[in-house]
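Q: Using only what follows, build the 3D model:
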Amino acid sequence: MRFTAETNALIGRFHRETLKIEGWGSDGLRVRSTILRKLPETDHALTEEVAHAAEVKIDGRNAEIVNGSIKATVNEVGIICFYKKENDEWKLILQEYYSLYGGSIRKESICFKIVSREYKGLASDSFKLTARFEANKGEQLYGMGQYQQPQLNLKGCTLPLEQRNSQVSVPFLISDQGYGMLWNNPATGEVTFGENITKWVADETDVLDYWITVADTPKQLVENYTACVGRTPVMSDDYLGLWQCKLRYRTPEEVLAVARKYKELGIKLDVIVIDFFHWPYQGEWKFDDTYWPEDKLKAMLDELHDMGTKVMVSVWPSVDKRGETFYEMDMKGLLVTTEYGSQQTYDYQGDCGTTDFFNPEAQEYVWNRCKKNYLDRGVDLFWLDNSEPDLVSYDFNNYRYYTGRATKVSCEYPKKYVEAFYNGMEAAGKTDYVNLVRSAWVGSQKYRTLVWTGDVQSNFIAFKDQVVAGQNMGLAGIPWWTTDIGGFMTENVFDPEFVELLIRWYQYGVFCPIFRMHGDRGPFDIDPLDNRDFGGGYLHTGQPNELWSYGDEAYNIMRKYLDVRLSLKDYISGLMKEASENGSPLIRTMFYEFPDDEKCWNCPEQFMFGPDYLVAPVLTAGATERTLYLPAGKWQNLESKEIVELSEGTEVTVPAPLDVIPVFKRV
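A: Modelled structure (predicted):
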């Protein structure tokens, strides 16, 4: 490999490949390579203004680059090794896979002729890219976003790099070896954290692009990372109480009946949500006047605002061919196109196209309609649903966006979707809002993105998965995160087992960034109030989903924990400010607060809510006690007020009757 030095960067050339490693942020290095004639200059997620300092040394056929406590060396055939400085010594933390020529950093390596950076040409000018790294024995890996699985430690896992309903790919990981790594590529693909190899695959791309940083604690790694990709603004205290939602309120009268009952009970609603098909057809982005006439809509909004309640409406990216916008948007090139077969991209309740939010003109078009039909009429907030986007099938080879095929760019779609509403709200002078979104990518947090976990099942298996997902989402840089309390899909709300699940999920929801009741509550009947048939089946409204809907015992428990939530508002407000300052999530893995306690690296079913509260949700039906791990320190049981002081970490078993979630506060 031939090396040259540029300002703060090392350049290497080997055969047709160009490799560039440059200092990027605090103790960070960005690595890019391509076999194109020119290295593409694309930021992807690394959008923020940070220092680019580094020192480069070239010694014949080898070279190195140093930025603070991180160093990368490159040998004569282009293999990169990364080192972290500890006690004035350089410790190897990660290296590319090396078995091309038989000689190796690993003496036992043989000549497989498997390269660390592999490009396979596609029919386009892009490539399918595979990047391989040596697997560190015993390493533990975390982050990467939201996956529906119980594994907190991702070592041994294979993860798809693609957005789907309830799956959110945010490809930043944290290692217990003291480094964090961002796969800075919005292509679909896959990553395998194997015991023998780590392998990243991009289905279609022009360039290998990743960023790596080192630090002594996970908190510092997240701070370094979010400095480069962006942090969330401060969330207002106005959103830290109860949000009320269900699928679905059909009229202003239904919304007001719920809000008035809450007011009668002395419960302030921070937000109430108007869900899907309040519109005539998908993609019209307006209220259906049959069910939401102008006079009643205005009266509803005025009364809710007088109660201090914000109003959120659901927005979808899908556009029904029968609606008034489809053909205009299609002719202007504002919709996602297909490479072959039918041009239909979405099929719920109609033959639909999908808005191409990579296109700035499409962003402006949708925002202008939403501003006119919602914001200007008094609606406060937007719920950007189906933001993966949901598709007829997840055949990414078949969809093309304004900036490229879905295989090349689509992981960033939810970020471009929310960007449209962020830019629109900012231009309208709005500074106090959140965007509820079903998906995200690296940096989505900059756009006031509140991610929720999508349409998950209502059972304890799914509940446990959400507890894990929230922790890994926080490590991936997304601090505003929540779930549908009780899960989304419920067949029978009258089943006592569901009520138990709902209570346990509700107790957990108290210790989430946003506290939100939502769900599709069965059993279902077609109601003559709204019997529209869009060709895909009749719409319905689910069973009631308010705090009083599940009996007196459930109501009393939920009221008890609503009071707990409200008592924590000042504390949560402080966490929101911290998230904006250094990227720290509100939901934190145990090791985020206790990195030196080895047992805290393997506690997936409990977490820290900020620095002070240890939360251990009850994740088993019928349980009346809970075993959890308390690190060394002084702790107060939130329920019993008992204080324990521990010189070392200890497992404890505590009572957990239905009206108690075990929570311990550091004192």
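Q: quick one: contacts for Leu269?
A: Counting by Cβ atoms under 8 Å, 6 or more residues apart in numbering, Leu269 touches 241-244, 259, 262, 307, 309. For every residue, glycine as well, the C-beta is placed using N, CA and C.
Q: ok, the residue lying closest to it once chain neighbours are set aside - contacts?
A: Excluding the flanking residues, the one nearest Leu269 by Cβ to Cβ, 6 or more residues apart in numbering is Thr309, at 4.5 Å. Thr309 is in contact with 259, 268-272, counting by Cβ under 8 Å, 6+ apart.
Q: how close does Thr309 get to Ser549?
A: Going from Thr309 to Ser549 by Cβ to Cβ, to the nearest Å gives 19 Å.
Q: Likewise for Ile93?
A: 52 Å.
Q: again, but for Asn386
A: Distance from Asn386 to Ser549, by Cβ to Cβ: 26 Å.
Q: circling back to that earlier point, what about the contacts of Thr309, which are in helices?
A: Judged by DSSP state H, these include Ala259 as members of helices.
Q: Reformat the contacts of Thr309 as JSON lines; add pLDDT.
A: Shown next, in JSON lines, are those (pLDDT from 0 to 100):
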{"residue": "Ala259", "pLDDT": "98"}
{"residue": "Lys268", "pLDDT": "98"}
{"residue": "Leu269", "pLDDT": "98"}
{"residue": "Asp270", "pLDDT": "98"}
{"residue": "Val271", "pLDDT": "98"}
{"residue": "Ile272", "pLDDT": "98"}
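Q: Which of the contacts of Thr309 are buried? Put it as a ChimeraX command.
A: Applying 16 or more other Cβ atoms under 10 Å to those, the buried members can be selected in ChimeraX as follows:
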select :259,269,270,271,272
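Q: how long is stretch 540-554 end to end?
A: 25 Å (Cα to Cα, to the nearest Å).
Q: Report all helices and strands that the helix or strand harbouring Ala420 contacts.
A: Under the criterion DSSP states H and E, the helix or strand holding Ala420 is helix 413-427. For helix 413-427, the contact count by 3 or more Cβ pairs under 8 Å, 6 or more residues apart in numbering; DSSP states H and E identifies helix 360-373, strand 381-384, strand 435-437 as packing neighbours.
Q: rerun that using 10 Å as the cut-off
A: Counting contacts by 3 or more Cβ pairs under 10 Å, 6 or more residues apart in numbering; DSSP states H and E, helix 413-427 packs against strand 168-175, strand 310-315, helix 360-373, strand 381-384, strand 399-401, strand 435-437, strand 449-452.
Q: what's the most buried one of the ones you listed?
A: With neighbours taken as mean count of other Cβ atoms under 10 Å, the helices and strands packed on helix 413-427 reach their highest mean count in strand 449-452, at a mean of 28.
Q: so for that one, what's the average pLDDT?
A: Mean pLDDT, computed over strand 449-452, is 98.
Q: Quick one: distance of the helix or strand of the chain with the lowest mean pLDDT to the chain centre.
A: Sorting the helices and strands of the chain by mean pLDDT, DSSP states H and E puts strand 117-121 at the bottom, at a mean of 84. Mean C-alpha position of strand 117-121 versus that of the full chain (Cα atoms, centre = their mean, to the nearest Å) differs by 29 Å.
Q: Can you give the strand pairings for that strand, parallel or anti for each?
A: Strand 117-121 sits in its sheet next to strand 127-134 (antiparallel), going by DSSP bridges.
Q: I'd like the distance from the strand it pairs with to the chain centre, please.
A: 24 Å.
Q: show me what contacts Gly574?
A: The contact partners of Gly574, taken as Cβ atoms under 10 Å, 6 or more residues apart in numbering, are 568, 610-612.
Q: Go again with 7 Å.
A: Residues in contact with Gly574 (Cβ atoms under 7 Å, 6 or more residues apart in numbering): none are found.
Q: what secondary structure does it sit in?
A: Applying DSSP: H, G, I helix; E, B strand; the rest coil to Gly574 yields a three-state assignment of helix.
Q: pLDDT score for it?
A: Predicted confidence (pLDDT) for Gly574: 98.
Q: That one and Leu586, how far apart?
A: Gly574 is 10 Å from Leu586, by Cβ to Cβ.
Q: Quickly name whichever of the contacts of Leu269 is closest to Leu646.
A: Closest approach between these and Leu646, by Cβ to Cβ: Gly241, at 33.8 Å.
Q: How many residues are close by that closest one?
A: 20 (other Cβ atoms under 10 Å).
Q: does Thr192 really touch Thr158, like I thought?
A: Yes: between Thr192 and Thr158 there is a contact at 4.5 Å, judged by Cβ atoms under 7 Å.
Q: Compare the two and say which is more crowded by neighbours.
A: Thr192 (16 against 11).
Q: So which residues of the stretch 501-650 of the chain form helices?
A: For the stretch 501-650 of the chain, applying DSSP state H, counting those that start in this stretch gives helices covering 552-567, 569-582, 590-593.
Q: can you list these in a markdown table and add distance to Leu173?
A: Below are the helices of the stretch 501-650 of the chain laid out as a markdown table (distance: least, Cβ to Cβ, whole Å):
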| stretch | distance to Leu173 |
| --- | --- |
| helix 552-567 | 32 |
| helix 569-582 | 19 |
| helix 590-593 | 14 |
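Q: what's the most buried one of those?
A: Greatest average neighbour count among those goes to helix 590-593 (a mean of 24), per mean count of other Cβ under 10 Å.
Q: What helices and strands are in contact with it?
A: Applying 3 or more Cβ pairs under 7 Å, 6 or more residues apart in numbering; DSSP states H and E, we find helix 590-593 packed against helix 218-229, strand 607-609.
Q: Can you tell me what sits against it?
A: For helix 590-593, contacts defined as Cβ under 7 Å, 6+ apart pick out 218-219, 600-601, 603, 606-608, 611.
Q: Centre of the chain to that helix, how far?
A: Computed by Cα atoms, centre = their mean, the chain-centroid distance of helix 590-593 equals 19 Å.
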